[in-house]
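Undergrad: Based on what follows, work out the 3D shape:
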Amino acid sequence: TTDHNVLACNALGIINGVGNHKFDPYGLLERAQIAAIINRVARVLGTDTSGYTHPFTDVAGHWCSAELGWPVANGIINGIGNNKFDPNSYLTTEQAICITYRALLPLWKAREQLEVTFIDVGQADAALVSCGSHHMLIDGGNVNDSSRIYSVLTSRGITKLDLMIATHGHEDHVGGLAGALNAASVDTVLCSTDSYESVPFQNFKKYVAAQGKTITIPSPGDVYYLGEAKITILGPVTHGSDENNNSIVLRIDHGLTSFLFTGDAEREEEQAILASGVDLSATVLKVGHHGSADSTTYPFLREVMPTYAVISVGAGNPYGHPDENTLSRLRDAEANIFETRWNGNITVTSNARRIEIYTAHWEDEEEPAPTGFNDYTFVLNKNSGVFHYADCSSVSKMSEKNKIYSNLGRDEIIAQGFTPCKICKP
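TA: Sure thing, here's the model as predicted:
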């Protein structure tokens, strides 16, 4: 257990060795060392320790100088008088305990809770992230999920989104964002592209523009904040012809917990992100591309090593998602697997130290929501010759290339040779 704790603290950048791959576990602790340890723990827990100064003249050029400002400003550790700190003197056990106790007061104050709800939108993706009074929506499901997304926001009293992220241009990620944009204002809209040839994407752009906003295409390394949570863009590293592999991949850090969202990224994008050398470790992994066979490869998963894995997927989908090989890889990694097709909405909360997970179905909570967020009534399948209402369950199973969106009347569509769907009976 001791070895594990030491390795964990080293991985978090809290402690270092003494050189030559040695740790010296029985060595004495210097004043400089405990000040640095407490300052680094504060950073790991999400406290901004930069910008603080100290009055000590005997640490100029000393490695600990940059670590002293925050602990001193918060009264955790003091000097010895005459603007001296005496960084290399050793601490007594009593001094170490007193310093540690004083550090607990600012470090373990009540923190904003992070809540991530993976919304059950069938064979699609949507997640609402809240930290205190700040909110972010990552993807919005299919077109026929617009009313559900609207209802999720309004039932929680959310009228403003700090961030909206469409991971890529496919309908099952942007289709329902029209509902969100009718329910709430948005400060910043991110997507991996600002141009994609589909009616759902153009509809998404129209509602973004109606709020006087434009789509920002982020770059790897870009950082955003949602209250106390830090959001780092990790991908796409490159853009290609496969829209799935153009997905925005992002990491949310909240104290000691972290979430990795991978959109529909598959092997190609995973390899590019691995090659970039970024930290992929995460407590919770939103599994890529609904658990397809080409996502969540072993090399990628070995870097993430999640405690929990969430798969957004529809029951009885025609693609065989999630693939059994992907599930096997997740089990090999000893991840606890949750799927929206069985668990409904999956809500994960973090208090910056530990994770709790709850599952439920929206049918028990959502209120009736308005419809008509899109500029068409029917969706025509040019392959089968069948036309459907826009919210028909069959629409989400259709290939985008076979869809025609129409506001024509029923008789006009029939006159063009299309037949009504036997399920939704338009």
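
Undergrad: check contacts around Gly13.
TA: By CB atoms under 8 Å, 6 or more residues apart in numbering, the contact list for Gly13 reads Arg40, Val44. Glycine gets a C-beta too; all of them are placed from N, C-alpha and C.

Undergrad: For it, report the pLDDT, please.
TA: Looking at Gly13, its pLDDT reads 86.

Undergrad: tell me which element it falls in.
TA: Taking DSSP states H and E as the definition, Gly13 sits outside all helices and strands.

Undergrad: And the helices in the stretch 101-250 of the chain?
TA: Secondary structure of the stretch 101-250 of the chain (DSSP state H, counting those that start in this stretch): helices at 146-155, 171-174, 177-183, 199-210.

Undergrad: want to throw those helices into TSV with mean pLDDT, distance to Thr377 and mean neighbour count?
TA: As requested, the helices of the stretch 101-250 of the chain are arranged in TSV below (pLDDT from 0 to 100; distance: least, CB to CB, whole Å; neighbours: other CB atoms under 10 Å):
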stretch	mean pLDDT	distance to Thr377	mean neighbour count
helix 146-155	92	13	23
helix 171-174	96	17	27
helix 177-183	95	14	26
helix 199-210	94	12	20
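
Undergrad: Could you dump the ones you listed into TSV with distance to Glu400 added?
TA: Shown next, in TSV, are those (distance: least, CB to CB, whole Å):
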stretch	distance to Glu400
helix 146-155	17
helix 171-174	6
helix 177-183	16
helix 199-210	8
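
Undergrad: which SS state does Val41 fall under?
TA: helix (DSSP: H, G, I helix; E, B strand; the rest coil).

Undergrad: Nearest spatial neighbour of it, chain-adjacent residues omitted?
TA: Ile14 (5.8 Å; CB to CB, 6 or more residues apart in numbering).

Undergrad: In contact with the one you found, which residues?
TA: Ile37, Arg40, Val41, Val44.

Undergrad: Glu339 versus Pro306, what's the distance?
TA: When distance is defined by CB to CB, to the nearest Å, Pro306 is 14 Å away from Glu339.

Undergrad: mind checking which helix or strand Val72 is in?
TA: Here Val72 is covered by helix 69-73, with elements defined by DSSP H and E.

Undergrad: Assign a three-state SS to Arg331, would you?
TA: Here Arg331 is helix, with the state taken from three-state DSSP.

Undergrad: Correct me if wrong: it contacts Asn325.
TA: No. Counting by CB atoms under 8 Å, Arg331 does not reach Asn325; the two are 10.7 Å apart.

Undergrad: wait, which of the helices of the stretch 101-250 of the chain is closest to Asp24?
TA: Distance to Asp24, taken as CB to CB, is lowest for helix 171-174 among the helices of the stretch 101-250 of the chain, at 51.0 Å.

Undergrad: which ones are touching the residue nearest to Leu280 when sequence neighbours are not counted?
TA: Closest residue to Leu280 apart from its sequence neighbours, by CB to CB, 6+ apart: Glu303 at 4.1 Å. Counting by CB under 8 Å, 6+ apart, Glu303 touches Leu274, Leu280, Ser281.

Undergrad: pLDDT score for the last one?
TA: Among the per-residue scores, Ser281 shows a pLDDT of 93.

Undergrad: Look at it and say how many residues are nearby.
TA: 13 (other CB atoms under 10 Å).

Undergrad: Was I right to think it contacts Val304?
TA: Yes. In this structure, Ser281 is within contact of Val304 by CB under 8 Å, at 6.3 Å.

Undergrad: Okay, now stretch 6-16: how far is its last residue from its first?
TA: End-to-end distance for stretch 6-16: 9 Å, by CA to CA, to the nearest Å.

Undergrad: before we move on, what about stretch 121-138?
TA: 13 Å.

Undergrad: And for stretch 166-184?
TA: Terminal-residue distance, stretch 166-184 (CA to CA): 16 Å.

Undergrad: What of stretch 68-79?
TA: End-to-end distance for stretch 68-79: 10 Å, by CA to CA.

Undergrad: Now stretch 237-254: buried residues?
TA: 237, 243-254 (16 or more other CB atoms under 10 Å).

Undergrad: Might you list the low-confidence residue ranges for the stretch 51-200 of the chain?
TA: When residues are selected by pLDDT under 70, those of the stretch 51-200 of the chain lie in 106-110.

Undergrad: now the strands: where do they sit in it?
TA: Using DSSP state E, counting those that start in this stretch, the strands found in the stretch 51-200 of the chain span residues 114-118, 126-131, 134-140, 160-166, 185-191.

Undergrad: Can you tell me which of those is most buried?
TA: Ranked by mean neighbour count, those are led by strand 134-140 with a mean of 27 (mean count of other CB atoms under 10 Å).

Undergrad: Which elements pack onto that one?
TA: strand 126-131, helix 146-155, strand 160-166, helix 171-174, helix 177-183, strand 223-226 (3 or more CB pairs under 8 Å, 6 or more residues apart in numbering; DSSP states H and E).

Undergrad: let's see it at 7 Å
TA: strand 126-131, strand 160-166, helix 177-183 (3 or more CB pairs under 7 Å, 6 or more residues apart in numbering; DSSP states H and E).

Undergrad: Identify the residues contacting the last one?
TA: Contact with helix 177-183 is made by 137, 140, 146-147, 149-150, 153-154, 161, 164, 166, 203-204, 207-208, 211, 373-374, as judged by CB atoms under 7 Å, 6 or more residues apart in numbering.

Undergrad: Next: stretch 70-85.
TA: Taking contacts as CB under 7 Å, 6+ apart, the residues outside stretch 70-85 that touch it are 31, 35, 38-39, 42, 49, 52, 54-59, 68, 86, 99, 102-103, 106.

Undergrad: ok, now stretch 393-404?
TA: Contact with stretch 393-404 is made by 122-124, 142-144, 171-172, 198, 318, 379-383, 388, 421, 423, as judged by CB under 7 Å, 6+ apart.

Undergrad: So what would you say the end-to-end distance of it is?
TA: Stretch 393-404 end-to-end distance (CA to CA) = 16 Å.

Undergrad: Could you do stretch 63-79 as well?
TA: Its first and final residues considered, stretch 63-79 spans 16 Å by CA to CA.

Undergrad: Now do the buried residues in that stretch.
TA: Of the residues in stretch 63-79, Cys64, Ser65, Glu67, Leu68, Gly69, Trp70, Pro71, Val72, Asn74, Ile76, Ile77, Gly79 count as buried by neighbour count, 16+ other CB under 10 Å.

Undergrad: can you check stretch 322-341 too?
TA: Under the neighbour-count criterion of 16+ other CB under 10 Å, stretch 322-341 has 322-323, 326-327, 329-330, 333, 335, 337-341 buried.

Undergrad: So which of those residues belong to strands?
TA: Ile337, Phe338, Glu339 (DSSP state E).
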